[in-house]
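J.: Provided below are the primary sequence and the corresponding predicted coordinates.
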Amino acid sequence: MLFMIIVKASKNSEAGNLPSLKLREAMTKYNEELVNAGVRIMAKGLHPSSNGIRFSYPKEGGTPVVTEGPFSDDLVAGFILIDVESREEAIKWAMRMPDPQGNGEGQIELRQIFE
């Protein structure tokens, strides 16, 4: 079963600030554990939304409206794609992740991917 662990953005990540060295080391260790367990497919961080472009479709069949960032709502800072045997296993892996933003600002979301 494929799951995506979505790392939500924070004020710090949107400002383009890297996490502390201690947090980067903890995240590296976590990612190594995922790789060693054979469950990690991919893990990537995203640039701040100020570098993003949003396409919205206000009319069915119409031309999309293009808006350049920054954006302020429900932002994503990165993701980890994992392949596990069950929802419960995905939850266990998500629970092991260190606070991805540090300073108590981190938030993640776990979503199953349609296969």
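T.: Nice, I can see it.
J.: which one's the longest helix in this structure?
T.: helix 21-36 (DSSP state H).
J.: So which bits of that one are buried?
T.: L23, A26, M27, Y30, L34 (16 or more other CB atoms under 10 Å). For the C-beta atoms, the positions are set from N, CA and C on the backbone; glycine is no exception.
J.: What of stretch 89-108?
T.: Judged by neighbour count (16+ other CB under 10 Å), stretch 89-108 contains these buried residues: E89, A90, W93, A94, M97, P98, P100, Q101, G102, G106, I108.
J.: what's the most distant pair in those?
T.: Across these, no pair lies farther apart than E89 and G102, at 26.0 Å, counting by CB to CB.
J.: so F79 bridges to which residues?
T.: I6, K44 (DSSP bridges).
J.: Enumerate every residue touching it.
T.: With contact set as CB atoms under 8 Å, 6 or more residues apart in numbering, F79 has these partners: M4, I5, I6, V7, M42, A43, K44, L46.
J.: coming back round to it: then the longest helix of the chain to PDB, C-alphas only?
T.: Output in PDB follows, covering the C-alpha atoms of helix 21-36 (Å, rounded to 0.1, in the frame of the first residue of the first chain):
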ATOM      1  CA  LEU A  21      21.600  21.000  12.000                       C
ATOM      2  CA  LYS A  22      20.200  18.800  14.900                       C
ATOM      3  CA  LEU A  23      16.800  18.500  13.100                       C
ATOM      4  CA  ARG A  24      18.400  17.800   9.700                       C
ATOM      5  CA  GLU A  25      20.500  15.000  11.400                       C
ATOM      6  CA  ALA A  26      17.300  13.600  13.000                       C
ATOM      7  CA  MET A  27      15.500  13.700   9.700                       C
ATOM      8  CA  THR A  28      18.500  12.000   7.900                       C
ATOM      9  CA  LYS A  29      18.400   9.200  10.500                       C
ATOM     10  CA  TYR A  30      14.600   8.800  10.100                       C
ATOM     11  CA  ASN A  31      15.000   8.600   6.300                       C
ATOM     12  CA  GLU A  32      17.800   6.100   6.600                       C
ATOM     13  CA  GLU A  33      15.600   3.900   8.800                       C
ATOM     14  CA  LEU A  34      12.900   4.100   6.100                       C
ATOM     15  CA  VAL A  35      15.400   3.100   3.400                       C
ATOM     16  CA  ASN A  36      16.900   0.300   5.600                       C
END
